[in-house]
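Enquirer: based on what follows, work out the 3D shape:
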Amino acid sequence: MTARFAVGDRVRVDDRTPPGHIRTPWYIRGKSGVVADMVGAFADPEDSARGGDGLPERPLYRVRFRQTVAWPDYAGDGRDTVDIEIFEHWLEPESG
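Expert: Numbers count the residues shown, from 1 in each chain. You can find the predicted model right below:
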């Protein structure tokens, strides 16, 4: 398995809304963050939920977002972050 992203890469979460089981939280779709860690490779839970075997395994990343990005009305410290585990097929390089 070759990971597309490395720790420190800026990424953007795809903003699609496919039907069925989705592991990527709706509130983070379309938002940008930084890859904090590569967790490993695992079966795709979206494919598994549709009766598939989830293979091939997909890289899973821990992506760090500023809480003000995740929730624009966040009133805490602007440096606060939230980490979310997201599969590679939901991520794209941040442009610009």
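Enquirer: residue contacts, the one residue sitting closest to the centre of the chain?
Expert: When the chain is reduced to its mean C-alpha position, the closest residue under C-alpha atoms, centre = their mean turns out to be Ile86, at 2.9 Å. With C-beta atoms under 8 Å, 6 or more residues apart in numbering as the criterion, the residues that contact Ile86 are 13, 24, 28, 60-61, 63. C-beta here means a position set from N, CA and C on the backbone, and glycine is covered the same way.
Enquirer: can you rerun that using 7 Å?
Expert: Counting by C-beta atoms under 7 Å, 6 or more residues apart in numbering, Ile86 touches 13, 24, 61, 63.
Enquirer: who does it form a beta bridge with?
Expert: For Ile86, the beta-bridge assignment (DSSP bridges) gives partners Tyr61.
Enquirer: where do the strands sit along the protein?
Expert: Using DSSP state E, the strands of the chain run over residues 10-13, 32-42, 58-66, 81-87, 91-93.
Enquirer: looking at the contacts of Ile86, which is nearest Arg50?
Expert: Thr24 (15.5 Å; C-beta to C-beta).
Enquirer: and the gap between the closest residue to that closest one other than its chain neighbours and Trp26?
Expert: Using C-beta to C-beta, 6 or more residues apart in numbering and skipping the chain neighbours, the partner closest in space to Thr24 is Trp90 (4.9 Å). Counting by C-beta to C-beta, to the nearest Å, the gap from Trp90 to Trp26 is 12 Å.
Enquirer: dump the strands of the chain into JSON lines; add distance to Arg4 and mean pLDDT as well.
Expert: Compiled in JSON lines, these are given as follows (distance: least, C-beta to C-beta, whole Å; pLDDT from 0 to 100):
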{"stretch": "strand 10-13", "distance to Arg4": "9", "mean pLDDT": "98"}
{"stretch": "strand 32-42", "distance to Arg4": "10", "mean pLDDT": "97"}
{"stretch": "strand 58-66", "distance to Arg4": "7", "mean pLDDT": "97"}
{"stretch": "strand 81-87", "distance to Arg4": "11", "mean pLDDT": "97"}
{"stretch": "strand 91-93", "distance to Arg4": "8", "mean pLDDT": "97"}
